[in-house]
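J.: predicted model and sequence below, questions to follow.
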Amino acid sequence: MKLPMLIAAVLLPLGLSASFAHADNYPARPIRLIVPYAPGGSADIVARRISDEWAKALGGGMYIENKAGAGGNIGVDAVAKAEPDGYTIGLQTVSLAINPSIFAKMPYDTLKDLAQISTVATSQHVLVVNPNFAAKNTKDLVALAKANPGKFNYGSAGSGSTFHMAAELFKSVAAVDITHVPYKGGGPALIDTISGQVDMCFPVLSAATQHVKAGKLNAIGVTGPKRSPLMPDVPTLAESGVPGYSFETWFIVFAPAATPKPLIDKLNAALVKALNGPVLKERMIKEGFDPDPSTPAEAKAKLVKELALWSKLVKERGITAE
């Protein structure tokens, strides 16, 4: 045995040596990427966009498994309870930070049972109103809502959804009272805003773009900190009447908590490479997603910060998943 190998064998604990050996051969089979929602939603779209380039950078294969239910908790729980061998990972939205506050009972501990790999991307929402709605800009909408508390309503993709939380944050910052009408999905909420059954909603920007261009909806303002290239003429809500308001859906990937660090690091390095690559980066931006790779430590710090932020808002407004 050569001296470096002998030293490594003596100094490294057996489990750690095995982890490094595992990382060298990883992945030896396709990786399962669990999306905790049905096909077609923003999380599913992001997962399908990144999986090919991510797998290519890893030198292996990856496939998507949709495991929907309980606001994403069922799919995330499947990751939390999977073998920590690097072959089952998950992708979730900002709901990973929201759900512990709105569900009375959680099947997993968000920080203890999951190991963060990286943040993936952010995506803005947009406040859209029916074309016949009296307000045509943010200042007028806020003034109208303050003069008529509880009279107007907004549709959401369901209690606790990003549609819902974007709206409740808006209500909190703007100090207005607008009635919540929950739907079973973002599509129905958007359709009923177009038909006039509800006055407004806060869909993901990419889902609303075609309807705004067709004149079926008026875009009042985007929810993020800057204007979007998908709607460059639409101001942010913060710059057009609600200073201090900012909301973006973000996406994060994770593994079971006991997954060896060398595997987490390898997954992270490959994803960062894929997200910084021109092919994937350009495609995601065109579809309304801003790539946002990070280190595992940065991803965890973001999650911790967001857990506190949403816990505070949920308590203030009495929001539940019911």
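T.: That came in fine, so what should we check first? Residues are numbered from 1 along each chain as shown.
J.: the closest residue to Val173 other than its chain neighbours: neighbour count?
T.: Excluding the flanking residues, the one nearest Val173 by CB to CB, 6 or more residues apart in numbering is Tyr245, at 4.4 Å. All C-beta atoms are positioned from the backbone trio N, CA, C, and that covers glycine. Neighbours of Tyr245 under the rule other CB atoms under 10 Å: 23.
J.: ok, Tyr245 - contacts?
T.: When contacts are counted by CB atoms under 8 Å, 6 or more residues apart in numbering, Tyr245 touches Leu169, Phe170, Val173, Ala174, Thr223, Leu237, Ala238.
J.: name the member of those residues that has the highest neighbour count.
T.: Among those, Leu237 has the most neighbours (other CB under 10 Å), with 30 neighbours.
J.: circling back: ok, the contacts of Tyr245 vs Gly40, which is closest?
T.: Distance to Gly40 across the contacts of Tyr245 (CB to CB) is lowest for Thr223, with 21.4 Å.
J.: domains of this structure?
T.: As assigned by automatic domain parsing, the chain contains the domains 29-123+250-317, 126-222.
J.: now render those as JSON lines, adding mean pLDDT.
T.: Shown next, in JSON lines, are those (pLDDT from 0 to 100):
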{"stretch": "domain 29-123+250-317", "mean pLDDT": "95"}
{"stretch": "domain 126-222", "mean pLDDT": "93"}
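J.: relative to Ala23, which of those is closest?
T.: Closest to Ala23 of the domains of the chain, according to CB to CB: domain 29-123+250-317, at 3.7 Å.
J.: quick check: end-to-end length of the closest one?
T.: End-to-end distance for domain 29-123+250-317, by CA to CA, to the nearest Å: 46 Å.
J.: now that domain: how far from the chain's centre is it?
T.: Domain 29-123+250-317 has its C-alpha centroid displaced from the chain centroid by 8 Å (CA atoms, centre = their mean, to the nearest Å).
J.: so Phe254 touches Gln116, yeah?
T.: Yes: between Phe254 and Gln116 there is a contact at 5.1 Å, judged by CB atoms under 8 Å.
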